[in-house]
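Participant: Dropping the sequence and predicted coords here.
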Amino acid sequence: MSLHHITLTINGAVERATVPANLTLLQLLRETLALTGTKNGCAAGECGACTVLLALPGAERGEPVNSCMVLAVECDGAAVVTVEGLAHDHQLDPVQQALLEAGGVQCGFCTPGVLISARALLDRNPRPSEAEIREALVGNLCRCTGYLRIIAGIQAAAQLGAPAGPAA
Amino acid sequence: MLKTHPTPARGPVGESVARLDGQEKVTGAAQFADDIQFGPGLLHARILRSPHAHALIKRIDASRALALPGVRAVVTGEQTPGYIGLYLQDRHIFCRDRVRYIGDPVAGVAAVDEQTAEKALDLIEVEYEPLPAVFDPVAGTRPDAPLLHPDLGQYEAVNFIFPKPNTNISNHFKIRRGDVAGAWAQCAAVVEREYRVPHIQHVPIEPHVAVAKWDEKGKITLWASSQSPFAQRNLIAKALHISQSQIQVVAPYVGGGFGAKAGVSMEALAVVIAGAVKGRPVKLRLTREEEFFTTFVRQGLVARFKLGCDTEGRLLALENTYYWDAGAYTEYGVNMTRAGGYSGTGPYDVPNVSVDSICVYTNHPVGGPMRGFGMPELHAGLEQAMDDLARSIQLDPVEFRRRNCIRGGDTVATGMTMHPTGLPDCIEQAAAAINWGHKAPPSAPTKRRGKGFAIMWKAPAMPPNAGSSARVQFNEDATVTVSVGGQEIGQGTFTVMAQMAAAALGVPYEWVKVAGPVDTDYSPYEWQTVASRLTWSMGNAVKAAALDARRQVLEMVAQAWKENPDDLDIVNGQVISYKTEEARSLKDIVIYGLPNPDGDGWIGGPVLGRGSFMPTYVTGLDAETGQGPRAVVHYTTGAQAVEVEVDLETGKVEVLRGVAAFDVGKAINPEMVKAQMEGGLVQGISTAFFEGLKLKDGRVQNPSFVDYRIATAADAPPQVEAIIVEVAQDDGPWGARGIGEHSMVPTLPAIANAIYDAVGIRMDAPPFSAEKVFMAMRQAGVVQ
Amino acid sequence: MVTAHPGLPEFDYVKPASLAEASRFLAEHAGAARAFMGGTDIFVRLRDGAWQAQYLVDVKHLEGMQALSFDPAAGLTIGAAVNLNRINAAPSVREHYPVLAEAAGTVASYQLRTRATLAGNVCNASPAGDTLAACLVLAGQVSVHGLAGPRQVALKDFFRGPGKTALQPGDVVTALRFPLPPAGYAAKYLKLGRNTLGDLAIVGVAALGYREAAAAAGLRFRVGLASVAPTPLLLEPAALSAGPVDEAALTAAAEAVAAAAAPIDDVRGSAEYRRLMVRNLARQALTEVWRKIAA
């Protein structure tokens, strides 16, 4: 199997790694770099627990991807933001704050992916309708909350405005 | 002896404080079992599973697998002679002579990585002799059915489970009350129905994971995503014939359980594999696909109902038979069938009752506990049949439930006197909130609207003496550490325990933390995090421990101040005297004590409160009649109503509105209580429309999210209203009882009743997929 | 044993420098090498063992692959690596080919659409490919780079069976092209999944209609179907070109479309239900299109 040397930025920090071809971005994050905030729920691009923001070289901003569906080798030169990168200087991102206050967190396993999807939605559409929020969350399965408080949290986050620091 | 001040519901009990675990869960810092780092010494395990639904194992040859570079060990049933099980010890950790479902673990491999372990699986040779199989629970009870457990008569069982040797019936619970046969003649209306409920899966978003390690002295550590660290310690120790103290279970946050991570399922596999590579931690992580059929699933049900009432709509008789499709092993499932038996009337007052709840072995995945523990399955059909009975005498379904629902003081079918319950109030409030009796016009000419109603009850199903314990200790700065063995699985139990400790002690909520992860070497005993029992049972233990700590503080200060402890109190973290109006911070004194007022030296010392709770009043029930003074500790009751719209073009059903009203005794954290009701209702919607394991000859056809769909954010209804009713539980902390499971129980039948209201069709089994609804409408001539 | 593996099997990752190199490599390793774009299908199938590959050939960076351009004369060109979210959001697509934006937006979830591509959907030739019905009614063309250089294949001739296409060893799809649609046309995509959003199509129906003086009724219609035959289908309902278009003709056309479908029973739905849904959704979609173009 081919091995590849890659350099990428994760939450603002430059990382170098040598990765086998079949290593996914999710495995790179969790198993190589021990950034375990991003979760593995299905490894098939269905549950969204592994969602991160990925900006490939040349991209203006990060877009949410299922990190289980991206090869690490494809991320050479890319910028990645995980749940660990949402808060800046101990200040929570508005989506983190609002999700907490709305009661949109229970077991917490889907939460990292939900937060990334929510951040990405608000980045591209700062005032989403309820329908747009639901649509943006279709790829983030949650079994605890019934989604209603997650949706309310994202509506509240939209009111709070942009986050404190740079997202990507 | 100190007379404690009464503990009124002062803050923070009854307040919707922020979750204790919220901050770490939104930053990605919260640790789950798969997040724990073990370093490069970690080995990875994979499991070879049976491809046959039922077969004898003739031969296993692992020599080629063992020769593969990177493989460290292969284990088989040879290493696991003992039996394991919670209520009935009917399974080996690895299969020995026989496999009983597709997915049954036959061998386990430990290797340097998952890929190597996977390759090794292909090199293990297993010779099987296929046997005829049982795929239907009713067929499984027939005398000529293939026998799955010839040794059933020798299995160890608890004394309230009644296996029938030489059959596939591992438990048969009966209620015989009044004169059912004689009552039918007095009935103005009788309905008979049969419903089937498919197997479903819990689908926690976190798949099962367990890491085990044996040290050279034989001490075992198990890190697992677990609802049951203490039960796992106990059951695994018994199966391996070692002392419980030789096993330490460490259980960090659980990424959703719903029952799937209760008892023991795959954890014992990791322990046994690790035993072959002593000194090395071994991780076993299930794939999502394995998750769907190799841990626990919710068992299937074939339910037959016969219900009769008089002209006034009063229930006179009920004769229900439940055949549980309990799967290959019923070690846990037997008690679900018992619960389905003793609660088999639903929340109704019926004078003449016959219930048979029969647990049947089948060659299907292993039935285990799931949110509701039998209640969603049996209420699914029961609440539809009750609707039909009401309609058959032209009685409004809500009015029918008003007249028949169980009330405090009624005698339930097992002979127990019902405690005070807010069910009638739940019915009124849910009906009012959904605007019962008024039909809004549909949103399009090709759609039809309807409303549906259902009620429920559920008791914690557990051994009569399931216990809880807690420790409350102060730190120097007067903050408080609460230690418990119950698990935070998302329901918010750590938050609720902190609220209770704060309220009982008299300190601010923000001063209290709950020690984690749960660790059987350090945490006080807790039976299991199941049955919606923690708020009530563990809450009692935490409250007792906090009061114990409080007493120690007050006695010390009273001695120092030469006052009577009864004149002292702790308010907002300060000891105050109502007599002298003196006040003093708790800081330092809760660890270092106070100078002796009568001379040299000190009094007091580190304050450490202890508390435990165990119900002592639950009695056995007669094996033939199900009668006894007290079958259960209590029942949580509630009602739900939904409004739906059915699309005549596709059969698609949309829930426009849901209302849930439950009697929780006392809401310790009202917003979290409401969140449980909402989450349960949406899980109920998910099971109503999407969920079911498609089993064909024992094989699950849809073991992935591609074809086992669950509700997404776009499927949650636009509006859900959660209503809290509070009729205090006499032995609950501040009157509280549980709510975790209950909210998904009545959702499915309420939806079915709403579909009937909208388009006049009944279906004999969920899920009510668009296809099933459309084809039923077509058959009924509603659509072309 | 029905179970997917925890991780991806071993393969080599190959990143050719040019289309010519890509074609050469794929041809030399026919059967062992697969080109990939977003990987959303291929990774899943490699993981569950349905597909094998010794080499995965990444072609997204090659020339033209990321381009999305609209020419008022020639129509729309969508580079093979343009993801579905970009297609869904592109102003030129939304203005001139709204049905394509709509169909692209129904695939799976937002985060999967960040990776999934129209070209990937077309190359996989899944009967359930969500975008294929819309691509067919828009008369899409596939731009292919092969050993002999570039060529065009009409989409209606592209599908040969479930997972089977007109692609030859060495072929790389570089773009999908859509001619200018007929003036004043209207189109609609209706999809029925199990969930409200995000599921595969049990049935997908795209309808397109436009005015044409030469037609007997003055109108012409096309219907594209997904999930109801071994390949996506493109039909021109005769009932709507022969005589006046009215409710009865639309119903007859929908019946004819349903008759042309050849659905199967599978875990997602029965053949019988699918056929009935083709009828109902085709009637709905055609009626909506007819109302727009007749107005």
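Facilitator: On my side now, so go ahead.
Participant: need the contact list for residue C:108.
Facilitator: Residue C:108 makes contacts with A:45, A:139, C:40, C:116, C:198, as judged by CB atoms under 8 Å, 6 or more residues apart in numbering or on different chains. Every C-beta, even on glycine, is put in place using the N, C-alpha and C of the backbone.
Participant: in what helix or strand does the first one lie?
Facilitator: Pointing back at residue A:45 there. Using DSSP states H and E, residue A:45 sits in no helix or strand.
Participant: do you know how far it is from chain B?
Facilitator: Applying CB to the nearest CB, to the nearest Å, the value for residue A:45 to chain B is 9 Å.
Participant: Run a quick check on that residue versus residue A:64, I expect a contact.
Facilitator: No. At 11.8 Å, residue A:45 does not count as touching residue A:64 under the criterion of CB atoms under 8 Å.
Participant: Mutual contacts of these two, please.
Facilitator: Shared contacts of residue A:45 and residue A:64 (CB under 8 Å, 6+ apart): residue C:111.
Participant: Could you tell me which residues of chain A lie near chain C?
Facilitator: Neighbours of chain C within chain A, by CB under 8 Å from any CB of the partner chain: A:1-2, A:4, A:20-22, A:24, A:27, A:43-45, A:48, A:51, A:54, A:63-66, A:68-71, A:73-74, A:117, A:120-121, A:134-136, A:138-140.
Participant: which one of the contacts of residue C:108 has the most neighbours?
Facilitator: When neighbours are counted by other CB atoms under 10 Å in any protein chain shown, residue A:45 leads the contacts of residue C:108 with 30 neighbours.
Participant: Contact partners for the residue in the stretch 301-450 of chain B that chain A sits nearest to?
Facilitator: Evaluated by CB to the nearest CB, the stretch 301-450 of chain B has residue B:371 as its residue closest to chain A, separated by 9.8 Å. Going by CB under 8 Å, 6+ apart, residue B:371 touches B:202, B:258-259, B:680, B:683, B:740-741, B:744.
Participant: Flag every residue of the stretch 101-250 of chain B that's near chain A.
Facilitator: Proximity of the stretch 101-250 of chain B to chain A is confined to B:202-207 under the rule CB under 8 Å from any CB.
Participant: In JSON lines: those, plus secondary structure, distance to residue A:164 and neighbour count.
Facilitator: As requested, these are exported to JSON lines (DSSP: H, G, I helix; E, B strand; the rest coil; distance: CB to CB, whole Å; neighbours: other CB atoms under 10 Å in any protein chain shown):
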{"residue": "B:202", "secondary structure": "coil", "distance to residue A:164": "38", "neighbour count": "23"}
{"residue": "B:203", "secondary structure": "coil", "distance to residue A:164": "36", "neighbour count": "22"}
{"residue": "B:204", "secondary structure": "coil", "distance to residue A:164": "33", "neighbour count": "26"}
{"residue": "B:205", "secondary structure": "coil", "distance to residue A:164": "29", "neighbour count": "27"}
{"residue": "B:206", "secondary structure": "coil", "distance to residue A:164": "30", "neighbour count": "29"}
{"residue": "B:207", "secondary structure": "coil", "distance to residue A:164": "34", "neighbour count": "29"}
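Participant: from those residues, which is closest to residue C:126?
Facilitator: Nearest to residue C:126 among those, counting by CB to CB, is residue B:203 at 24.8 Å.
Participant: correct me, but that closest one touches residue A:142?
Facilitator: No. Counting by CB under 8 Å, residue B:203 does not reach residue A:142; the two are 10.4 Å apart.
Participant: The strand or helix carrying residue C:191 close to chain B?
Facilitator: Assigned by DSSP H and E, residue C:191 belongs to strand C:186-192. Yes. Strand C:186-192 is in contact with chain B by CB under 8 Å from any CB, via residue C:192.
Participant: What is that strand packed up against?
Facilitator: If you count contacts as 3 or more CB pairs under 8 Å, 6 or more residues apart in numbering or on different chains; DSSP states H and E, strand C:186-192 packs onto helix C:98-105, helix C:132-137, strand C:203-211, helix C:271-294.
Participant: And the contacts of it?
Facilitator: Under CB under 8 Å, 6+ apart, the answer for strand C:186-192 is B:650, B:652, B:770, C:98-99, C:102-103, C:106, C:130, C:133-134, C:137-138, C:181, C:201-210, C:277, C:281, C:284-285, C:288-289, C:292-293.
Participant: Sheet-wise, list the partners of it with their directions.
Facilitator: With DSSP bridges as the test, strand C:186-192 is paired with strand C:203-211 (antiparallel).
Participant: Tell me what angle the helix or strand that the strand it pairs with is followed by forms with strand C:186-192.
Facilitator: For strand C:203-211, the following helix or strand on the C-terminal side (DSSP H and E) is strand C:219-226. In terms of direction (axes from the mean of the first three to the mean of the last three CA atoms, to 10 degrees), strand C:219-226 departs from strand C:186-192 by 30 degrees.
Participant: Just checking: what are the partner strands of strand C:219-226?
Facilitator: Sheet pairing of strand C:219-226 (DSSP bridges) gives strand C:203-211 (antiparallel), strand C:233-235 (antiparallel).
Participant: Show me what the residue lying closest to residue A:10 once chain neighbours are set aside is bridged to.
Facilitator: Closest residue to residue A:10 apart from its sequence neighbours, by CB to CB, 6 or more residues apart in numbering or on different chains: residue A:80 at 4.8 Å. With DSSP bridges as the criterion, residue A:80 is bridged to residue A:10, residue A:54.
Participant: Can you name the residues that contact residue A:80?
Facilitator: Going by CB under 8 Å, 6+ apart, residue A:80 touches A:8-11, A:25, A:29, A:52-55, A:62, A:67.
Participant: Residue B:513 falls within a strand, correct?
Facilitator: Yes. Counting by DSSP: H, G, I helix; E, B strand; the rest coil, residue B:513 is located in a strand.
Participant: coming back round to it: of the residues of chain A next to chain C, grab the buried ones for ChimeraX.
Facilitator: Typed into ChimeraX, the line below selects the buried ones among the residues of chain A next to chain C, using 16 or more other CB atoms under 10 Å in any protein chain shown:
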select /A:4,20,21,22,24,27,43,44,45,48,51,54,63,64,65,66,68,69,70,71,73,74,117,120,121,134,135,136,138,139,140
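Participant: domains in chain C, as residue ranges please.
Facilitator: Here the domain assignment for chain C is C:12-58, C:68-178, C:186-294, based on automatic domain parsing.
Participant: any idea how far residue A:46 is from whichever residue of chain A sits closest to chain C?
Facilitator: Using CB to the nearest CB, the single residue of chain A nearest to chain C is residue A:139, 2.3 Å away. Separation of residue A:139 from residue A:46 (CB to CB, to the nearest Å): 8 Å.
Participant: go on, residue B:607?
Facilitator: Going from residue B:607 to residue A:46 by CB to CB gives 50 Å.
Participant: Residue B:81 too?
Facilitator: Residue B:81 is 40 Å from residue A:46, by CB to CB.
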